[in-house]
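Peer 1: need a structure here:
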Amino acid sequence: MDVQENVHVARGVGGWFATIWMSLLLMTGCLLSMLLLLIVGGSLAAQWRGSRSLPLMLVTGGLLSLTPVFIFNGFITWLRQQWNKHARFFDTFFSVFLMGNTALLALFVLWMPAKTSSALYQYGNWLFDKDVATLFQISEEHPVLRTGRRLIKRMAYLLEVEPGSNKLTHKETKTKPPPYPPIHALGPQPKDSEIKKRTSSRKRRNPLRRQPQAQTKPRRHQPIARRRRKPTIANPLKEVSIRVRRHGNSLIISAGLPGRKSDFLLDTGASFLSLSSRMAHRLNVYPPRNAPTLTLHTANGVIKARVGLLPYFKLGSYRLTNVAFVLCDACGEPKQGVAGLLGLNILRRFLVTIDQGSGYIRLRPPDATRFNNQAADMRPFLKWPKRQLRGYTTNMLVRRVFKLTGLLRNQSHLDALNLRFRVTYLKNKRKVGHYEFNIDELSSQEKRRITIRDKNAPRFESYRVELIQGSWD
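Peer 2: Model (predicted):
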């Protein structure tokens with residue numbers, strides 16, 4: 001008797017689900033690689049032509065993402081048909097599409113990273129700009145368009161891009177000038193008499209030619225050619241002794257203000273020089289309403305005080321120009337004739353020695369660089385609005401990149417020169433590293449967008465930006 005074995009075959013959705021899932025992943029990768037290659041190709045075409053032509057960028061990006069794939073997949077299909085006549089073109093199209101576009105993107109990144117980064121930085125937003133928003137009848141600040149522009153900028157930052165002093169600039173290769181042949185190799189040269197005749201004939205003016213009118217307005221000099229004034233000091237390395245008098249537990253020192261002398265309380269805990277409202281009106285240096293303010297902790301509580309600038313402040317034989325002060329009526333003692341407090345924005349320029357036995361205070365600058373540094377007086381006027389100061393970290397395979405963008409504004413009536421800022425990285429309220437950048441000049445009331453990029457940033461939790469060096473013009 002024959003026994004027939006019943007074989008049960010389990011049929012489920014696992015195989016179909018895996019196939020559909022892999023197909024969706026492959027299609028998503030193909031679309032993403034095509035979009036990236038469309039953006040990169042269109043940006044390179046716009047940089048090559050020097051114009052933002054939307055049809056040119058679309059055609060170039062489309063041809064770059066489709067033409068090589070069709071050619072390469074056709075060649076692979078021809079090879080497969082040599083062994084299998086039933087091989088079809090679309091059996092390997094999507095796989096070749098994904099691998100080919102990924103290879104092209106890697107070729108652009110590895111072969112010419114500087115050009116690709118420059119093209120993305122200048123023209124990379126063409127697929128997310130206002131023309132596309134108008135085409136689809138949506139706002140330019142749509143989340144999709146805004147996110148696309150942000151991703152394109154991050155792509156440019158990850159390539160060969162380096163920040164400059166006040167804006168993002170790309171690496172440029174320095175080309176050496178061609179060597180010129182010696183003079184004797186150029187043939188016979190004209191004599192000196194012939195050269196004088198030619199130059200004299202060129203200098204002759206035609207009497208019929210209309211002479212240019214004299215300029216009524218003076219030319220505005222460029223910031224580079226501006227003559228920068230140096231602060232006048234007696235001797236930056238000479239020690240000066242100034243007599244002080246005691247008042248209880250305080251020391252009173254005499255200093256020179258514009259047109260008069262006044263007494264100040266020596267206070268090493270005060271950050272800035274302070275003046276009373278009466279003294280500021282008398283010296284005609286009262287800060288306006290739109291002047292920057294600082295928060296002060298006084299004996300009467302916490303107050304907000306305006307910040308102004310003194311033309312000069314004379315301490316012994318040293319004359320300090322453009323000194324910042326705060327307006328504080330509660331800081332002085334009118335009974336003792338004290339105009340205010342002598343703070344750290346002046347004392348930090350010196351090595352201070354107090355000899356209470358002889359009643360003198362000795363001041364000696366450690367060096368000319370520290371003495372001429374006016375960073376303490378400039379900090380209240382150089383503002384970084386917190387709402388527009390943004391920083392984020394990009395974790396790469398080998399290094400960590402920290403990018404910081406912000407708006408810097410000079411709120412004073414003077415130009416700021418030779419500025420040096422420091423970004424301090426903090427972890428558990430301790431310093432773990434820093435990064436410094438320079439700005440050559442910031443004019444009065446000028447707003448400037450600053451972008452920096454630190455390629456070797458440590459692991460940190462918070463950061464702060466502060467001015468460490470600068471001078472007024």
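Peer 1: the helices in the stretch 51-200 of the chain, which residues?
Peer 2: 54-81, 93-111, 113-123, 130-135, 143-158, 192-203 (DSSP state H, counting those that start in this stretch).
Peer 1: In JSON lines: the ones you listed, plus distance to Arg422.
Peer 2: C-beta here means a position set from N, CA and C on the backbone, and glycine is covered the same way. Shown next, in JSON lines, are these (distance: least, CB to CB, whole Å):
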{"stretch": "helix 54-81", "distance to Arg422": "41"}
{"stretch": "helix 93-111", "distance to Arg422": "33"}
{"stretch": "helix 113-123", "distance to Arg422": "26"}
{"stretch": "helix 130-135", "distance to Arg422": "38"}
{"stretch": "helix 143-158", "distance to Arg422": "21"}
{"stretch": "helix 192-203", "distance to Arg422": "54"}
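Peer 1: right, and those helices - which one's nearest Gln374?
Peer 2: Nearest to Gln374, of all the helices of the stretch 51-200 of the chain, is helix 143-158, at 33.5 Å by CB to CB.
Peer 1: give me the number of residues near Arg150?
Peer 2: 12 (other CB atoms under 10 Å).
Peer 1: Repeat that for the one 4 residues further on.
Peer 2: Using other CB under 10 Å, Arg154 has 14 other residues around it.
Peer 1: For the nearest residue to it once chain neighbours are set aside, which three-state class applies?
Peer 2: Spatial nearest neighbour of Arg154, chain neighbours left out: Thr394 (6.9 Å); criterion: CB to CB, 6 or more residues apart in numbering. What DSSP: H, G, I helix; E, B strand; the rest coil gives for Thr394 is strand.
Peer 1: bridging residues for Thr394?
Peer 2: Thr394 has these beta-bridge partners by DSSP bridges: Val401.
Peer 1: average pLDDT for stretch 432-452?
Peer 2: For stretch 432-452, mean pLDDT is 91.
Peer 1: Now do it: everything it contacts.
Peer 2: The contact list for stretch 432-452 (CB atoms under 8 Å, 6 or more residues apart in numbering) reads 163, 165-168, 223, 382, 402-426, 454, 457-460, 468, 473.
Peer 1: measure the residue nearest to Arg154 to Lys403 for me?
Peer 2: Taking CB to CB, to the nearest Å as the measure, Thr394 falls 7 Å from Lys403.
Peer 1: which one of these two has more residues nearby?
Peer 2: More crowded of Thr394 and Lys403, by other CB under 10 Å: Lys403, with 20 against 15.
Peer 1: ok, how many other residues are close to Asp263?
Peer 2: Asp263 has 19 nearby residues by other CB under 10 Å.
Peer 1: where are the low-confidence patches of the stretch 201-350 of the chain?
Peer 2: 201-237, 299-300, 332-336 (pLDDT under 70).
Peer 1: Break down it into its helices, ranges please.
Peer 2: 277-283, 344-347.
Peer 1: export those to JSON lines and tack on mean neighbour count?
Peer 2: Shown next, in JSON lines, are the helices of the stretch 201-350 of the chain (neighbours: other CB atoms under 10 Å):
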{"stretch": "helix 277-283", "mean neighbour count": "16"}
{"stretch": "helix 344-347", "mean neighbour count": "20"}
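Peer 1: Include distance to Leu442 when you put these into JSON lines, please.
Peer 2: Listed next are the helices of the stretch 201-350 of the chain as JSON lines, based on distance: least, CB to CB, whole Å:
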{"stretch": "helix 277-283", "distance to Leu442": "26"}
{"stretch": "helix 344-347", "distance to Leu442": "19"}
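Peer 1: Nearest to Asp131, out of the ones you listed?
Peer 2: For these, proximity to Asp131 was assessed by CB to CB; helix 344-347 is nearest, at 51.9 Å.
Peer 1: That closest one packs against which elements?
Peer 2: Judged by 3 or more CB pairs under 8 Å, 6 or more residues apart in numbering; DSSP states H and E, helix 344-347 is in contact with strand 318-327, helix 375-378.
Peer 1: Nearest to Ala339, out of these?
Peer 2: So among the helices and strands packed on helix 344-347, strand 318-327 is nearest, using CB to CB, at 10.0 Å.
Peer 1: Of the helices of the stretch 201-350 of the chain, which is nearest Cys331?
Peer 2: Counting by CB to CB, Cys331 lies closest to helix 277-283 out of these; the figure is 10.9 Å.
Peer 1: returning to what we had before: please identify the deepest-packed of the helices of the stretch 51-200 of the chain.
Peer 2: Each of the helices of the stretch 51-200 of the chain was scored by mean neighbour count; the highest is helix 113-123, a mean of 21, by mean count of other CB atoms under 10 Å.
Peer 1: could you give the angle of it to helix 143-158?
Peer 2: Relative orientation of helix 113-123 versus helix 143-158 (axes from the mean of the first three to the mean of the last three CA atoms, to 10 degrees): 150 degrees.
Peer 1: Quick check: which helices or strands does helix 113-123 pack against?
Peer 2: Going by 3+ CB pairs under 8 Å, 6+ apart, helix 113-123 lies up against helix 14-49, helix 143-158, strand 168-170.
Peer 1: Mind listing residues that contact stretch 34-44?
Peer 2: Stretch 34-44 is contacted from outside by 56-58, 60-66, 97, 101, 104-105, 108, 115-116, 119-120, 122-124, 126-127, 152, using CB under 8 Å, 6+ apart.
Peer 1: what does stretch 290-309 give?
Peer 2: Contacts of stretch 290-309 (CB under 8 Å, 6+ apart): 271-272, 274-275, 280, 285-287, 322-328, 330-331, 377, 380-381, 383, 411-414.
Peer 1: can you rerun that using 10 Å?
Peer 2: Identification of contacts with stretch 290-309 by CB atoms under 10 Å, 6 or more residues apart in numbering yields 269-275, 277, 280, 283, 285-289, 321-331, 377-383, 409, 411-414, 472.
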